[in-house]
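Novice: next comes the sequence, and after it the predicted model I'd like to discuss.
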Amino acid sequence: MGRTSEWASVLALWSAPRSRSTAFARMMAERDDRLVVHEPFSRVVDFGEVEVGDQIARSEQEVISALRSSAGRRPVFFKDTTDFHYPALLADQDFLAGATHTFIIRDPAEAIASHYALNPNLEQDEIGFARLHEIFTAVEEATGTTPVVINSDDLLERPTETVKAYCSAVGIPFLADALSWRPGMRSEWQTTSKWHRATSQTSGFERRALTDAPKMTENPKLRAYIDHHRPYYEKLRAVALAT
């Protein structure tokens, strides 16, 4: 399927919650070479509407339409999380094949520990690795190619090399200056600020104090969550960019 010029200007980063995608999006905002849209799909499901550029979208279909029209004026980057399911996204073959969909992963024990600390009532599906792999598979089938995956541990340990590899893989210039930024809570994070507080305190890709990931195995429910999601993580980790 051929890519329209609008879709060719849309770059997406998909992530299970608590997988350091906000830090990556903060770096993309620092580049200042494209419109950065914060979690349009999860926000439209959670809040009923979302701002995409100069438009208000009230459904998944309207988000897709707004992303496309915005990209006709300026390149777009959006990041989103898979704590929700997106059936309209999965059904839109034009969007799956036309935009550049990329993925970021984190070890499920660490991601779940971080998620549980903020939402102790979390359910298995909203952890998001199974849904992340579902989108990955849909993109792979729509494009006939393996989508770009980065491991967030690589991003922390080798930020320059990892971002260079990502930029090369998706066909955008590497901008070294974007690897550092001024700490602060961005306006698009305000309504969900507790989820982004850690990133707001950073000035680059930094490994912060580890959560109680090892203790997750002592909780039977969380151990079951890890066991359920780890196979999907491992499938994605197997094709992650080498840095």
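Specialist: Sure, I can see it.
Novice: what is the burial count for Ile150?
Specialist: By other C-beta atoms under 10 Å, the residues close to Ile150 number 23. Any C-beta I mention is one placed from the backbone N, CA and C, and that applies to glycine too.
Novice: in what helix or strand does it lie?
Specialist: strand 149-151 (DSSP states H and E).
Novice: note down every partner strand of that strand and its orientation.
Specialist: Partner strands for strand 149-151, per DSSP bridges, with pairing direction: strand 100-105 (parallel).
Novice: can you list the residues that contact the strand it pairs with?
Specialist: 8, 10-16, 19-21, 24, 129, 132, 135-136, 139, 147-152, 155, 166, 169-171, 233, 236-237, 240 (C-beta atoms under 8 Å, 6 or more residues apart in numbering).
Novice: out of the residues you listed, which end up buried?
Specialist: 10-16, 19-21, 24, 129, 132, 135-136, 139, 147-152, 155, 166, 233, 236, 240 (16 or more other C-beta atoms under 10 Å).
Novice: so which of the residues you listed sit within strands?
Specialist: 10-15, 149-151 (DSSP state E).
Novice: got the residues you listed as CSV, with distance to Arg186 columns?
Specialist: Listed next are these as CSV, based on distance: C-beta to C-beta, whole Å:
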residue, distance to Arg186
Val10, 21
Leu11, 19
Ala12, 19
Leu13, 16
Trp14, 20
Ser15, 17
Val149, 25
Ile150, 22
Asn151, 25
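Novice: strands along the chain, start to end?
Specialist: For the chain, the strands defined by DSSP E occupy 10-15, 35-38, 50-52, 55-57, 76-81, 100-105, 149-151.
Novice: export the ones you listed to CSV and append columns for distance to Gly184 and mean pLDDT.
Specialist: Formatted as CSV, the strands of the chain follow (distance: least, C-beta to C-beta, whole Å; pLDDT from 0 to 100):
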stretch, distance to Gly184, mean pLDDT
strand 10-15, 21, 98
strand 35-38, 15, 96
strand 50-52, 20, 96
strand 55-57, 26, 97
strand 76-81, 18, 98
strand 100-105, 22, 98
strand 149-151, 25, 98
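Novice: tell me, how many residues neighbour Thr143?
Specialist: Quick note: Thr143 (other C-beta under 10 Å) scores 17 neighbours.
Novice: what score does it have for pLDDT?
Specialist: Confidence at Thr143, expressed as pLDDT, is 96.
Novice: look up how far Phe136 lies from it.
Specialist: Thr143 sits 11 Å away from Phe136, going by C-beta to C-beta, to the nearest Å.
Novice: where do the helices sit along the chain?
Specialist: For the chain, applying DSSP state H gives helices covering 5-8, 21-31, 40-47, 60-71, 87-91, 93-98, 108-118, 129-143, 152-157, 159-170, 197-200, 220-237.
Novice: re earlier: what does the strand holding Ile150 contact?
Specialist: 102-106, 136, 162, 165-166, 236-237, 239-241.
Novice: Lys221: which of those residues is nearest?
Specialist: Arg106 (19.8 Å; C-beta to C-beta).
Novice: which residues touch the closest residue to the closest one other than its chain neighbours?
Specialist: In space, and not counting its chain neighbours, Arg106 is closest to Ser19: 3.9 Å by C-beta to C-beta, 6 or more residues apart in numbering. Listed by C-beta under 8 Å, 6+ apart, the contact set of Ser19 reads 81, 104-106, 111, 152.
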